[in-house]
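Student: coords below, sequence missing:
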Ligand SMILES: O=C(O)CCCC[C@@H]1SC[C@@H]2NC(=O)N[C@@H]21
């Protein structure tokens with residue numbers, strides 16, 4: 001385990017006791033914040049997950065959003081979900097000293113011993129192709145997770161950091177590890193582009209080279225998880241050749 005990393009320079013911190021959703025709060029604050037800012041709440045009353053699902057947000061878990069004001073085209077902005085996943089992994093490894101226990105599930109979940117310990121929800125506001133504000137919402141099951149019976153059949157079961165490692169990490173301590181880790185990946189992304197993130201993400205990917213199923217809005221495809229491309233799309237090798245899937249839900 002490494003020592004405590006420093007809070008990144010120029011990054012704000014907005015701590016709330018309770019809020020509907022830190023992503024919603026990020027958009028309310030956005031006009032008043034020129035720079036990046038972490039918004040973290042003790043609990044969320046209307047936490048939201050990907051695909052319009054609710055995200056259970058009890059006290060003791062981490063619910064936070066990084067508000068950014070990116071200037072790149074929308075497709076490039078969206079690649080920050082990989083920066084967030086890598087930062088989450090770095091934070092977990094720094095806090096636990098267990099690098100082998102954490103894997104990244106495409107597109108943006110973090111797995112601990114094969115179960116989902118963290119999820120990421122990117123939301124943006126802006127007109128046309130432009131993105132004015134980006135909310136990188138991150139939920140971490142530090143001490144509590146939904147009942148596995150509640151998750152969809154075939155989905156990875158939710159787990160908690162506490163149950164899997166015996167470590168009780170506070171949301172404040174988690175933010176102190178996560179914010180510097182994200183700042184490092186943001187710098188890599190803005191100075192070198194997606195390539196270093198892609199390489200690092202693939203090095204920690206779950207089920208790479210294995211057969212998986214990807215469910216899009218219209219179909220489910222089964223194939224070998226070959227790689228991700230330079231746009232972050234999943235490349236699935238099927239009998240007719242490789243297929244690029246820009247957005248889907250993955251099942252193992
Ligand atoms: O479905 C997922 O896996 C993504 C979950 C993202 C949850 C986080 S908690 C902080 C932020 N605020 C929200 O309302 N959602 C995200």
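Tutor: Alright, I've got the coordinates. On a predicted model such as this, the values are computed, not experimentally measured, just so you know. Numbers count the residues shown, from 1 in each chain.

Student: quick one: low-confidence ranges for the stretch 51-200 of the chain?
Tutor: Along the stretch 51-200 of the chain, the model assigns pLDDT under 70 to residues 127-129.

Student: and stretch 76-88, how far out from the chain's middle?
Tutor: Centroid displacement of stretch 76-88 relative to its chain, using C-alpha atoms, centre = their mean, to the nearest Å, is 7 Å.

Student: which outside residues touch that stretch?
Tutor: If you take C-beta atoms under 8 Å, 6 or more residues apart in numbering as the criterion, stretch 76-88 is touched by 66, 68, 70, 104, 107-110, 118, 120, 122, 124, 131, 134, 136, 138, 140, 178, 181-182, 184-186, 188-189, 194, 197-198, 200-201, 204, 231-232. Every residue, glycine included, has its C-beta placed from N, CA and C.

Student: Check stretch 165-181 too.
Tutor: Stretch 165-181 has contacts (C-beta under 8 Å, 6+ apart) with 4-8, 11, 13, 38, 40, 42, 60-64, 66, 86-88, 90-91, 94-96, 98, 101, 112, 138, 140, 142-143, 161-162.

Student: mind redoing it with 6 Å?
Tutor: For stretch 165-181, the surrounding residues in contact (C-beta atoms under 6 Å, 6 or more residues apart in numbering) are 5, 8, 38, 40, 62, 87, 90-91, 94-96, 142, 162.

Student: That one: which residues count as buried?
Tutor: 165, 167, 169, 171, 173-181 (16 or more other C-beta atoms under 10 Å).

Student: any idea how far stretch 207-220 is from the chain center?
Tutor: How far stretch 207-220 lies from its chain's middle: 19 Å, per C-alpha atoms, centre = their mean.

Student: contacting residues around the residue of the stretch 101-250 of the chain found nearest the ligand?
Tutor: The minimum distance from the stretch 101-250 of the chain to the ligand, using C-beta to the nearest ligand atom, falls at residue 119 (2.1 Å). Residue 119 makes contact with 109, 139 under the criterion C-beta under 6 Å, 6+ apart.

Student: Can you get me a residue count around residue 149?
Tutor: For residue 149, the count of nearby residues is 6 (other C-beta atoms under 10 Å).
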